[in-house]
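Asker: sequence and predicted structure are below.
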Amino acid sequence: MDLNSLIYGLGISGLFASRAFLPAFISSVVLRWGDSFPFLKDIDFLQNLGGSEPSWFTNGYVITALGVLSLLEIGATKIPEAEEAMESVSKYLKTGMVAATYFGFLSTADKSYIEGNLLAMQAGFFANIWGFISVANTYFTASIRSGIMELLFEADEDDSLGLRKMISWAEDAWAVIGFFWLILYPIVVLIILGILLGVAFLLKKYFHYKEERSKVTCDSCGEQNYPCATECHSCSTPLSKPVTVGFFGQSKNDKPAEDLEKHKLRLTEKKRCPSCGTRLEDKDPHQTCGTCGHELFKDPAFAKDYLAMVTARLAPVLLITLALSFIPFLGLVIGVIIYRVHLVAPFRRYIPLYRSFFIKWMIRIFFFILIAVQLIPGVGGVVVPLMALISYRSYRKSFVKGLTEVA
């Protein structure tokens, strides 16, 4: 029992690092009806569970509740605003759910493995130790995952490329398939989990190390600054050779910024402080950089230039998306990515989550109709440009409204 508990505990901790409720739901279903699955009939610890009196964890009401919560979780992770809101509490939620699931597993398995055993107290004691190890490992693993996801949020906050959505679907599949693999091939799953955890940990360390190593020294006070910064965060001395930032907002150390004013606008577009280059955290145009104290969009002229920069992209993007509209499906996908990156993201990054969510769903129904029209030869040519124009005007209006509101 102790070995099974250890393997199961370490295994589900890896599954729970990606999802909170889905692994718990699958666990409760398998513990309740595990002997009904043909490929699980020969698994020792499941053979005597089916048909027994349900424990609290395998109660029908608990299973139903976990199923509903799993569906809500899957849906929420496909919406960037909801996913971002959940991320701040996800590791604590996952840690709590893995504890409930592990001890729910014990309360069910104990019916056939521990009850009647002369060493029941000792077995339960060791099982609890494995449970605590599982909980601690979940928190550690989920923290590393959160660090990686935080990098993705910073790099592509609106998920314009759809990368986070692909990861989300992969995590859903892993939570389901990985659980059954854990039962059938536990050692293999533990090896896979170890490799994934190691890669994630190294990636997180690498990106942190790379950004810290790239910092430059201020000639005036000696403080370390991001190479894309225009001023020292400590003494406000202008830095002599700031570099540009790439698509993900990363400093491009081999490409100096030629136009300082345009560079400041570019930093702001990528949600970095136009002064010290620090990543900005709030989705609000009225925010102060926590590192250097710069007040974003305080200068009306700067806000006007920012709006003009995005507006200048409208005509070229509409022409490009017009051409792409004549390509069924693939043109739609590419066109949506282009206008989201160039016309929507610069505004959406400074619109509160609740307002951005409302705008998205207000225009989404209309978009479903337009997507259907896109399949009609000839008529479909105006679909993607129209989607781009509607999105641009909607998010620009909300951004301007935020600028005019009292901070």
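Answerer: The structure has been received and is ready for your questions.

Asker: C-alpha from now on. contacts and neighbour counts both.
Answerer: Fine.

Asker: what are the ranges of the helices in the stretch 251-400 of the chain?
Answerer: All helices of the stretch 251-400 of the chain, identified by DSSP state H, counting those that start in this stretch, fall at 260-269, 300-311, 314-324, 330-339, 345-348, 353-373, 383-404.

Asker: following the helix or strand bottoming out on mean pLDDT in the chain, which helix or strand comes up?
Answerer: None of the helices or strands of the chain scores lower by mean pLDDT, DSSP states H and E than helix 44-47, at a mean of 58. Going down the chain from helix 44-47, the next helix or strand is helix 60-76, by DSSP states H and E.

Asker: got the buried residues for that next one?
Answerer: In terms of neighbour count (16 or more other C-alpha atoms under 10 Å), helix 60-76 has its buried residues at Ile63, Leu66, Gly67, Leu69, Ser70, Glu73, Ile74, Ala76.

Asker: let's have these in CSV, adding distance to Ser251.
Answerer: As requested, the buried residues of helix 60-76 are exported to CSV (distance: C-alpha to C-alpha, whole Å):
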residue, distance to Ser251
Ile63, 48
Leu66, 44
Gly67, 44
Leu69, 40
Ser70, 39
Glu73, 34
Ile74, 34
Ala76, 32
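
Asker: quick one: which two of those are the most distant?
Answerer: Largest separation among those by C-alpha to C-alpha: Ile63 and Ala76, giving 19.8 Å.

Asker: hang on, Glu269 packs against Pro346?
Answerer: Yes - look at Glu269 against Pro346 with C-alpha atoms under 8 Å: they come within range, at 5.0 Å.

Asker: give the burial count for Val344, as a bare number.
Answerer: 23 (other C-alpha atoms under 10 Å).

Asker: now it: how far from Ser398?
Answerer: Computed as C-alpha to C-alpha, to the nearest Å, the Val344 to Ser398 distance reads 11 Å.

Asker: can you tell me which residue is nearest the centre of the protein?
Answerer: Nearest residue to the geometric centre of the chain (C-alpha atoms, centre = their mean): Met149, 4.7 Å.

Asker: quick one on the thing from earlier: deepest-packed of the helices of the stretch 251-400 of the chain, please.
Answerer: The highest average neighbour count among the helices of the stretch 251-400 of the chain, using mean count of other C-alpha atoms under 10 Å, belongs to helix 345-348 at a mean of 24.

Asker: can you add distance to Phe201 and mean pLDDT and give the helices of the stretch 251-400 of the chain back as TSV?
Answerer: Listed next are the helices of the stretch 251-400 of the chain as TSV, based on distance: least, C-alpha to C-alpha, whole Å; pLDDT from 0 to 100:
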stretch	distance to Phe201	mean pLDDT
helix 260-269	28	94
helix 300-311	37	95
helix 314-324	39	91
helix 330-339	30	82
helix 345-348	29	91
helix 353-373	29	73
helix 383-404	36	90
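
Asker: out of those helices, nearest to Gln250?
Answerer: helix 260-269 (9.8 Å).

Asker: coming back round to it: JSON lines for the buried residues of helix 60-76, including pLDDT and distance to Tyr392?
Answerer: Compiled in JSON lines, these are given as follows (pLDDT from 0 to 100; distance: C-alpha to C-alpha, whole Å):
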{"residue": "Ile63", "pLDDT": "89", "distance to Tyr392": "44"}
{"residue": "Leu66", "pLDDT": "90", "distance to Tyr392": "39"}
{"residue": "Gly67", "pLDDT": "91", "distance to Tyr392": "38"}
{"residue": "Leu69", "pLDDT": "89", "distance to Tyr392": "34"}
{"residue": "Ser70", "pLDDT": "89", "distance to Tyr392": "34"}
{"residue": "Glu73", "pLDDT": "86", "distance to Tyr392": "29"}
{"residue": "Ile74", "pLDDT": "87", "distance to Tyr392": "28"}
{"residue": "Ala76", "pLDDT": "79", "distance to Tyr392": "24"}
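
Asker: ok, those vs Gly104, which is closest?
Answerer: Each of these was scored against Gly104 by C-alpha to C-alpha, and Ile63 proved nearest at 11.7 Å.

Asker: state the distance from the closest one to Lys91.
Answerer: Ile63 is 22 Å from Lys91, where distance means C-alpha to C-alpha.

Asker: what of Cys221?
Answerer: Counting by C-alpha to C-alpha - Cys221 and Lys91 are separated by 39 Å.

Asker: Ile192 too?
Answerer: In terms of C-alpha to C-alpha, Ile192 sits 21 Å off from Lys91.
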